[in-house]
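Visitor: The sequence and its predicted three-dimensional model are supplied below.
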Amino acid sequence: MWRTLVVFFLGGIFGTAFGVAVGFFAFPYVFPPPEAMDTLAQLEQTNLVATGAFIHANPSDPVHYGKGKVRVFKRLVFLETDFEVGPGPAFHVYLVPKKEVRQSSDVASTMFIDLGRLRAFKGSQKYKIPAGVNLKDYPSVVIWCAQFGVLISPADLNFQS
């Protein structure tokens, strides 16, 4: 009798934990957020500083990927309409003072600038750059998972002359 109750109780706890874990990872796929569709004003487009493209930094990791173009203006980072990353929790947009970021340790060991939380997993978005930032010192834009400390997708910047 007691064994049956213990097994039933433990099964309920493990079943609930498993269901929460599956729901946590499946939720973004079942209920994806709407695409962000920010636009650039004509004035913002005249101050282009750099361009780049997000890449899949670790091809053996099918969950953490990114693609699409990014443009950096004097006071703004603009993710283009073709921008897309795999869904997950607490994604942020960082300016990183390192070229060719390919591993999580490349970001964790630097003094990056957090531009804010990613607004959507797909579509155009813009993020303000704080005053006083010398963009030449930050040759990479990175999508980073702040909750787990994982690199999602880096973009190497090509500066305009």
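Guide: Nice, thanks for sending it over.

Visitor: Next up, the contacts around residue 99.
Guide: Residue 99 makes contacts with 139, 140, 156, as judged by C-beta atoms under 8 Å, 6 or more residues apart in numbering. C-beta coordinates here come from the backbone N, C-alpha and C atoms, glycine included.

Visitor: Reformat those as JSON lines; add neighbour count, distance to residue 4 and pLDDT.
Guide: Formatted as JSON lines, the contacts of residue 99 follow (neighbours: other C-beta atoms under 10 Å; distance: C-beta to C-beta, whole Å; pLDDT from 0 to 100):
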{"residue": "139", "neighbour count": "20", "distance to residue 4": "63", "pLDDT": "97"}
{"residue": "140", "neighbour count": "21", "distance to residue 4": "58", "pLDDT": "97"}
{"residue": "156", "neighbour count": "18", "distance to residue 4": "60", "pLDDT": "96"}
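
Visitor: and stretch 3-12, how far out from the chain's middle?
Guide: Stretch 3-12 has its average C-alpha position 41 Å from the chain's average C-alpha position, going by C-alpha atoms, centre = their mean, to the nearest Å.

Visitor: For residue 78, give me its contacts.
Guide: Contacts here follow C-beta under 8 Å, 6+ apart; on that basis residue 78 touches 38, 40, 44, 70, 71, 72, 124, 125, 126, 127.

Visitor: Look up how far residue 13 lies from the first one.
Guide: Same thing as residue 38. If you measure residue 38 against residue 13 using C-beta to C-beta, to the nearest Å, the figure is 44 Å.

Visitor: Of those two, give the one with the bigger neighbour count.
Guide: Neighbour totals were compared for residue 38 and residue 13, and residue 38 leads with 15 against 9 (other C-beta atoms under 10 Å).

Visitor: which stretches of this protein form helices?
Guide: Assigned helices in the chain, in chain order: 2-30, 42-45, 104-108 (criterion: DSSP state H).

Visitor: among these, which gets the worst mean confidence?
Guide: Mean pLDDT per stretch puts helix 42-45 lowest among these, at a mean of 63.

Visitor: Quick check, central residue of the protein?
Guide: In the chain, the C-alpha closest to the average C-alpha coordinate belongs to residue 143, at a distance of 3.0 Å (C-alpha atoms, centre = their mean).

Visitor: ok, the closest residue to that residue other than its chain neighbours - contacts?
Guide: Distance criterion C-beta to C-beta, 6 or more residues apart in numbering; nearest residue to residue 143, sequence neighbours excluded, is residue 152 at 4.2 Å. Residues in contact with residue 152, defined by C-beta under 8 Å, 6+ apart, are 64, 65, 66, 85, 86, 88, 91, 142, 143, 144, 145.
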